[in-house]
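Asker: Provided below are the primary sequence and the corresponding predicted coordinates.
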Amino acid sequence: MNQAELACGLILASSSPRRLDLLAQIGIVPSAIMPAGIDESPAPRELPRPHAQRLAREKVLRVAQSGAYTLAADTVVAVGRRILPKADDIDQARKCLTLLSGRRHHVFTAIALVAPDGKLTSRCVDSAVIFARLTSAQIEDYLVSGEWRGLAGGYGIQGRAASFVRSLSGSYSGVVGLPLHETANLLRGAGFLRP
């Protein structure tokens, strides 16, 4: 896609199908999808909220192009100060689910937007999720589903793990991966959406 085709369009700096689906819910179809491909490892002693904010900013700045709107997001699942990984294998997912069982955790989703004039704005949404106490059988059944692959904290609230959630305070779409209210407000404030 050339510069003229991207002018005033929206670049999504993510390959997440969940973020694409969420944008579609509010009538937005990106002009281009350009994953940033950055190292998402936490910095030493980095706390969960600043970690999500840093990654969203790094992603959007890596991909931003002159004349286009560029949107990036990052979701971090945390228990206290501990950042849970994006589960790469079944053992990692099992450890995450075992830790989350019967506990309250936070899901921080940071969004960052670069407008065509280069101005960067960002927000971070904190949602508190409490899981029911999970049996070993529930965990194993969920692991068999494969839904956990590549997801922060080893679960996706929009799938089978919805049955684990005893309560949620905050943004459901933020837990899925893109807080729609805050995203729409950022896009409106930057002139991409009508007021």
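Answerer: Thanks, I have the structure now.

Asker: quick one: residues contacting Asp74.
Answerer: Taking CB atoms under 8 Å, 6 or more residues apart in numbering as the criterion, Asp74 is in contact with Glu40, His51, Ala52, Gln53, Leu55, Ala56, Lys59, Thr109, Ala110. Quick note: C-beta positions are derived from backbone N, CA and C, even for glycine.

Asker: do you know how far it is from Ala112?
Answerer: 8 Å (CB to CB, to the nearest Å).

Asker: any residues in contact with both of the two?
Answerer: With CB under 8 Å, 6+ apart as the test, Asp74 and Ala112 both reach Gln53, Ala56, Lys59.

Asker: hey, which helix is longest across the protein?
Answerer: If you go by DSSP state H, the chain has its longest helix at helix 48-63.

Asker: quick one: His105 from Lys86, how far?
Answerer: 15 Å.

Asker: could you dump the shared contacts of Asp74 and Ala112 into JSON lines with pLDDT and neighbour count added?
Answerer: JSON lines is the format used below for the shared contacts of Asp74 and Ala112 (pLDDT from 0 to 100; neighbours: other CB atoms under 10 Å):
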{"residue": "Gln53", "pLDDT": "98", "neighbour count": "20"}
{"residue": "Ala56", "pLDDT": "98", "neighbour count": "28"}
{"residue": "Lys59", "pLDDT": "97", "neighbour count": "25"}
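
Asker: wait, doesn't Tyr172 sit right on Val165?
Answerer: No. Under the criterion of CB atoms under 8 Å, Tyr172 makes no contact with Val165, lying 9.6 Å away.

Asker: identify the contacts common to these two.
Answerer: Ile157.

Asker: next SSE after the least confident helix or strand in the chain by mean pLDDT?
Answerer: The helix or strand of the chain with the poorest confidence is helix 3-6; it has a mean of 39 (mean pLDDT, DSSP states H and E). Per DSSP states H and E, the first helix or strand lying C-terminal to helix 3-6 is strand 10-12.

Asker: you'd agree Val29 is up against Asp21?
Answerer: No. Assessed by CB under 8 Å, Val29 is found out of contact with Asp21, at 11.0 Å.

Asker: these two: which has the busier surroundings?
Answerer: Counted by other CB atoms under 10 Å, Val29 and Asp21 do not tie: Asp21 has more neighbours, with 13 against 10.
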